[in-house]
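Chemist: Provide a 3D model corresponding to the input given below.
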Amino acid sequence: MQGLRRFRRWCGARRRGQFALTVGMVTMLTGTCGAVLVAPNWAMPKIRADQLASAQQVAADDPRLAAVRGIMEPFGPLTAVRVATGDGQESLVVGHSGQRVEMDVLAGELAPATASVNELWGTGWAQSALVVVASNASEFAALLRSGSLLSREVAAASVADPFTHGTQPTGQRVVFSPDAGRRLSPDGLRTVLRHELTHIATRGDTVDGAPQWMLEGFAEYAAHRAQNHHFADIAPTLSTRLRTGAAPTDLPADSAFTGPDAAAAYEAAWSACAFVAETYDEPRLVELYRGLAASKQVAATEDALLREVLGSSRADFTTAWRTWLETKTP
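Modeler: Purely as a prediction, here's the structure:
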């Protein structure tokens, strides 16, 4: 099993000030995304009375709650929110009384977030998510099966039981940190939720060792699509480099997603996926994801898949992507 890997990046708009830490483990953690932001006061959606239920009421008929109940109850009584997410599916938001603000926002966003992921990826996944809001760092780490406390910069992560590629993963959940609601605006929470739901939807088609530029770039593309986020807002570091003539020379390697320059790697990955969607179309972006996510990162494999899906060699694809980036220079 692949070990815990940490990746730093900017994952949101410069105006939102979101700095992200990504933790990737395909068989357990995939694409955790966090942000540091002191959000202004904002109006939060309210959970309807018919959605709100005690943990005791939900536990009797929802095994997902049973999977986290033993971890969370020592930290206080649980509250669960049922959310209809279409096609008879029902998602669940779980937390404590102190996390009602985040629970309200996430409950209100789950249905449209699920619909957005379905629109891009398709409906061949569970479509019923368990979203958990932790009350403190210890609970957050325990819910993510982490042996140590995670950085306070991590706002959310998705986790699953070990699984065989091509099968439907079990035990999946999205876990938000205790600081997420204070550091992220509603727009930031919405974006992070969609990023993590994309990892949940695609996890069964993803193998350990697949290229990170596609895995994280695709999740970021899914998170921002149809939200009227501008290029410079999504990719502030990349935009600055483009203005100074320092465009990326190649798709980011896995090693680029660690260390102080990871911001540019994540933004470049997002931009490569946005380029495919805009220049070709979203169905071919999804097809490319399915091919690359099911393969180890080998240059020859990438070249073959790019030729098959887009009719372009890797070298020609990179050149066209860099030319496209030049058109996005502010």
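Chemist: State the distance from residue 94 to residue 310.
Modeler: Distance, residue 94 to residue 310, using CB to CB, to the nearest Å: 42 Å. Bear in mind the C-beta positions are built from the backbone N, C-alpha and C, glycine included.
Chemist: more neighbours, those two?
Modeler: residue 94 (26 against 18; other CB atoms under 10 Å).
Chemist: Next up, the contacts around residue 84.
Modeler: 90, 111 (CB atoms under 8 Å, 6 or more residues apart in numbering).
Chemist: Quick test: name the residue nearest the centre of this structure.
Modeler: Residue closest to the mean C-alpha point of the chain, counted by CA atoms, centre = their mean, is residue 195 at 2.4 Å.
Chemist: The residue nearest to it when sequence neighbours are not counted: which element?
Modeler: In this structure, residue 195 finds its nearest non-sequential neighbour in residue 223, 3.9 Å apart by CB to CB, 6 or more residues apart in numbering. In this structure, residue 223 sits in helix 212-224 according to DSSP states H and E.
Chemist: what about dumping the CA coordinates of whichever helix or strand comes after that helix to PDB?
Modeler: Sequence order places helix 231-234 as the next helix or strand after helix 212-224, per DSSP H and E. Taking Å, rounded to 0.1, in the frame of the first residue of the first chain, the C-alpha atoms of helix 231-234 are listed here in PDB:
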ATOM      1  CA  PHE A 231      -8.500  31.500 -14.900                       C
ATOM      2  CA  ALA A 232      -6.500  33.900 -12.700                       C
ATOM      3  CA  ASP A 233      -8.700  33.100  -9.700                       C
ATOM      4  CA  ILE A 234      -8.200  29.400 -10.000                       C
END
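Chemist: Could you pull up the mean pLDDT of helix 231-234?
Modeler: Across helix 231-234, pLDDT averages out at 94.
Chemist: which helices and strands sit right next to it?
Modeler: Here helix 231-234 touches helix 262-279, going by 3 or more CB pairs under 8 Å, 6 or more residues apart in numbering; DSSP states H and E.
Chemist: just the angle between the helix it packs on and helix 212-224, please?
Modeler: Interaxial angle, helix 262-279 versus helix 212-224 (axes from the mean of the first three to the mean of the last three CA atoms, to 10 degrees): 70 degrees.
Chemist: which outside residues touch the next helix or strand after helix 262-279?
Modeler: Sequence-wise, the next helix or strand downstream of helix 262-279 (DSSP H and E) is helix 282-293. With contacts defined as CB under 8 Å, 6+ apart, helix 282-293 is touched by 120-122, 202, 205-207, 210-211, 214-215, 218, 221, 273, 276-277, 301-302, 305-306, 308-310.
Chemist: which of those residues count as buried?
Modeler: 120-121, 202, 205-206, 210-211, 214-215, 218, 221, 273, 276-277, 301-302, 305-306, 309-310 (16 or more other CB atoms under 10 Å).
Chemist: hang on, the earlier thing: how close does the residue nearest to residue 195 sit to residue 267?
Modeler: Taken as CB to CB, the span from residue 223 to residue 267 is 13 Å.
Chemist: residues in contact with residue 168?
Modeler: Shown in contact with residue 168 (CB under 8 Å, 6+ apart): 125-126, 204.
Chemist: So which of the residues you listed wins on neighbours?
Modeler: residue 125 (22 neighbours).
Chemist: phi, psi of that one?
Modeler: Per-residue torsions, residue 125: phi -140, psi 180 (degrees, to the nearest 10).
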